[in-house]
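K.L.:
would you be able to build a 3D model of this:
(chains A, B, C and D)
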Number of protein chains: 2
Amino acid sequence: MKKYLEILKKVKLFKGIEESNLMALLSCLSGKLQHYEKNEIVFMSGESTNSFGIVLAGEIQIVQEDYYGNRSILAKTGVGNLFGESFACAQTKNLLVSVIATTESDLLFIDCRRLASPCANSCTFHSRLIQNMLHITAMKNISLMQKIEFITKRTTREKLLAYLSSEAKKAGSNCFSIPFNRQELADYLSVDRSAMSAELGKLRDDGILKFNKNYFELL
Amino acid sequence: MKKYLEILKKVKLFKGIEESNLMALLSCLSGKLQHYEKNEIVFMSGESTNSFGIVLAGEIQIVQEDYYGNRSILAKTGVGNLFGESFACAQTKNLLVSVIATTESDLLFIDCRRLASPCANSCTFHSRLIQNMLHITAMKNISLMQKIEFITKRTTREKLLAYLSSEAKKAGSNCFSIPFNRQELADYLSVDRSAMSAELGKLRDDGILKFNKNYFELL
DNA sequence: ATAAATCTGTTGGAAATACAACAAAAAGAG
DNA sequence: CTCTTTTTGTTGTATTTCCAACAGATTTAT
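P.N.:
Residues are numbered from 1 along each chain as shown, chains lettered A, B, ... in the order given. A predicted model of the protein is given here:
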């Protein structure tokens, strides 16, 4: 676990906790480290879980998939970020999503019930942990609402512009990279990839944006 | 405030708190009660807020609306439920949604920062409050994911069936009422009302469901 | 370097949706 | 009760999307 100390220090769940106390806290939470190969399934929709995960290496996707194989990407998450915490914290709920490792990954699993239950060693941390967790779920809530804002737009063009504007705002610049390839972007915006590609071409022809692979510029 | 004691006792945010302590806690949180008329705007998208609300009487909608007036209903919330807590808890974020009173309503506003800050009187409650709040935001997260599951379905028919199945499951019966009229349901599922009405008719003709106003039966 | 696999852009036809306009039914007001 | 307003259902057309198939470009593996 020690090799990941630098990463763990930056995890928002542990914000405000002294580095010197971090290792004690981690053992108190009795997290389990697990390794996943590329494309391996971490959580399967329908299962239930009391644990959430923290990405220590690699990258994961949170997806919904229906009978026909239509895939919807809810989020893509990288090093230092949490996943599954909503289901773990809500309890008694089955997962509505699957979690898939999109690259080889190291994931740390923590039982949500450990957050609340005070322990002999590090009781003082627990209340801070829960506050941090509340902040994290609130932020996720907002990012889900943002996704909803994109996908409720009527046309592919509007969806693209809403998403790209928001990325530009996030980056603080008209030039920015996005974390998706074309298929993934289509799955995130819930549109057909080929139609989206065509629309991107039109937007370029109309002089509204430039792009090269994952790199975009709004004009 | 006392006239709402029965309601406040059932609010999930106050779960696990003794009734005898509830009034003390409320004064500690220094909530503000406000009255709204039908169709009055409670929060406006773009504003920022440190407070969240609790519905004590009436009903509110959480909506997103774009330049063209396309309205998307994220949720409809009634007595005993919270709204705006994600934005208040996430801090420094502007509202992505508007909140509208759909009936005459009494709403109690509480500053989110009061939840965390320990106070002289009732410190012991704060940790419980935050745990409850975490549970609430986690549940909201899940209901947003559920909405996403509905609206990412390809066709209006699939969206309807996904939504209605989920309502049937929630009700624990094939017969159930939904909290929306037709226009609201269309706004929730992000489809055209008239097309949705037509599709409902087809579903009935196909013997898949029966309905009368807000009352549905899956066959 | 070459081959294989993946990603991206392009097109045309079939299907589904949005939009507008209107009629019927239901709910609410006076 | 009657009139007004709101809600719901119906239909036709224009628009948009989905799907499938393919070609070029890029990346990865051998």
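K.L.:
C-alpha only now, for contacts and for neighbours.
P.N.:
Noted.
K.L.:
residue of chain A closest to DNA strand D, please.
P.N.:
Taking Cα to the nearest atom of the strand, DNA strand D has its nearest neighbour within chain A at A:Thr155, 2.9 Å off.
K.L.:
count the neighbours of that residue for me.
P.N.:
For A:Thr155, the neighbour count with other Cα atoms under 10 Å in any protein chain shown is 11.
K.L.:
looking at it now. What's its pLDDT?
P.N.:
Per-residue pLDDT puts A:Thr155 at 91.
K.L.:
kindly report the same for A:Pro118.
P.N.:
64.
K.L.:
output the contacting helices and strands for the helix or strand containing A:Ala198.
P.N.:
Following DSSP states H and E, one finds A:Ala198 within helix A:193-205. Counting contacts by 3 or more Cα pairs under 8 Å, 6 or more residues apart in numbering or on different chains; DSSP states H and E, helix A:193-205 packs against helix A:156-171, helix A:182-189, strand A:209-212.
K.L.:
buried residues, the helix or strand just after the shortest one. List them.
P.N.:
Using DSSP H and E, the helix or strand that follows strand A:209-212 in sequence is strand A:215-218. By neighbour count on 16 or more other Cα atoms under 10 Å in any protein chain shown, the buried set for strand A:215-218 is A:Phe216, A:Glu217, A:Leu218.
K.L.:
pLDDT on strand A:215-218, on average?
P.N.:
Rounded mean pLDDT across strand A:215-218 is 92.
K.L.:
packing partners for it?
P.N.:
Strand A:215-218 packs on helix A:156-171, strand A:175-177, strand A:209-212, going by 3+ Cα pairs under 8 Å, 6+ apart.
K.L.:
do it and DNA strand D meet?
P.N.:
No - Strand A:215-218 is not in contact with DNA strand D by Cα under 7 Å from any atom of the strand; minimum separation 11.7 Å.
K.L.:
now the spatially most central residue of chain A, nearest residue through space, not along the chain?
P.N.:
Centrality entry for chain A: nearest residue to the mean C-alpha point is A:Thr77, 3.4 Å, by Cα atoms, centre = their mean. Spatial nearest neighbour of A:Thr77, excluding adjacent residues (Cα to Cα, 6 or more residues apart in numbering or on different chains): A:Ile60 at 5.4 Å.
K.L.:
can you tell me how far that neighbour is from A:Ser197?
P.N.:
Counting by Cα to Cα, to the nearest Å, the separation of A:Ile60 from A:Ser197 is 24 Å.
K.L.:
go on, A:Arg204?
P.N.:
For A:Arg204, the distance to A:Ser197 - Cα to Cα - is 11 Å.
K.L.:
next helix or strand past the helix or strand hosting A:Ile7?
P.N.:
In this assignment (DSSP H and E), A:Ile7 forms part of helix A:5-10. Stepping forward along the backbone from helix A:5-10, the first helix or strand reached (DSSP H and E) is helix A:19-29.
K.L.:
and that following helix, what's its mean pLDDT?
P.N.:
84.
K.L.:
any buried residues in that helix, and which?
P.N.:
A:Leu22, A:Leu25, A:Leu26, A:Cys28, A:Leu29.
K.L.:
out of the residues you listed, who's nearest chain B?
P.N.:
A:Leu29 (17.0 Å; Cα to the nearest Cα).
K.L.:
any stretches of chain A with poor pLDDT?
P.N.:
Within chain A, the set of residues satisfying pLDDT under 70 comprises A:1, A:118-124.
K.L.:
which strands and helices lie in contact with the longest helix along it?
P.N.:
In chain A, with assignment by DSSP state H, the single longest helix is helix A:123-151. Packing partners of helix A:123-151 (3+ Cα pairs under 8 Å, 6+ apart): helix A:112-116, helix A:156-171, helix A:182-189, helix B:85-90, helix B:123-151.
K.L.:
quick check, distance from stretch A:129-141 to the centre of its chain.
P.N.:
Taking Cα atoms, centre = their mean, to the nearest Å, one finds the center of stretch A:129-141 at 13 Å from the center of the full chain.
K.L.:
what residues does chain A have near chain B?
P.N.:
A:64, A:72, A:85-87, A:89-90, A:96, A:116, A:127, A:130-131, A:133-142, A:144-146, A:148-149, A:151-152, A:190 (Cα under 8 Å from any Cα of the partner chain).
K.L.:
kindly recompute the last result at 7 Å.
P.N.:
Applying Cα under 7 Å from any Cα of the partner chain, we find that chain A lies next to chain B at A:86-87, A:89-90, A:127, A:130-131, A:134-135, A:137-139, A:141-142, A:144, A:148, A:152, A:190.
K.L.:
tell me the phi and psi of the residue nearest to the centre of chain A?
P.N.:
Main-chain torsions, A:Thr77, degrees, to the nearest 10: phi -130, psi 140.
K.L.:
mind putting the helices and strands packed on helix A:193-205 into JSON lines with mean neighbour count?
P.N.:
Conversion of those to JSON lines gives the following (neighbours: other Cα atoms under 10 Å in any protein chain shown):
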{"stretch": "helix A:156-171", "mean neighbour count": "17"}
{"stretch": "helix A:182-189", "mean neighbour count": "20"}
{"stretch": "strand A:209-212", "mean neighbour count": "14"}
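K.L.:
rebuild those as CSV, extending it with distance to DNA strand C.
P.N.:
Output for the helices and strands packed on helix A:193-205, formatted as CSV (distance: least, Cα to the nearest atom of the strand, whole Å):
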stretch, distance to DNA strand C
helix A:156-171, 11
helix A:182-189, 4
strand A:209-212, 7
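K.L.:
how close does A:Lys210 sit to B:Asp206?
P.N.:
48 Å.
K.L.:
near DNA strand C, anything from stretch A:49-69?
P.N.:
No - Stretch A:49-69 is not in contact with DNA strand C by Cα under 7 Å from any atom of the strand; minimum separation 13.5 Å.
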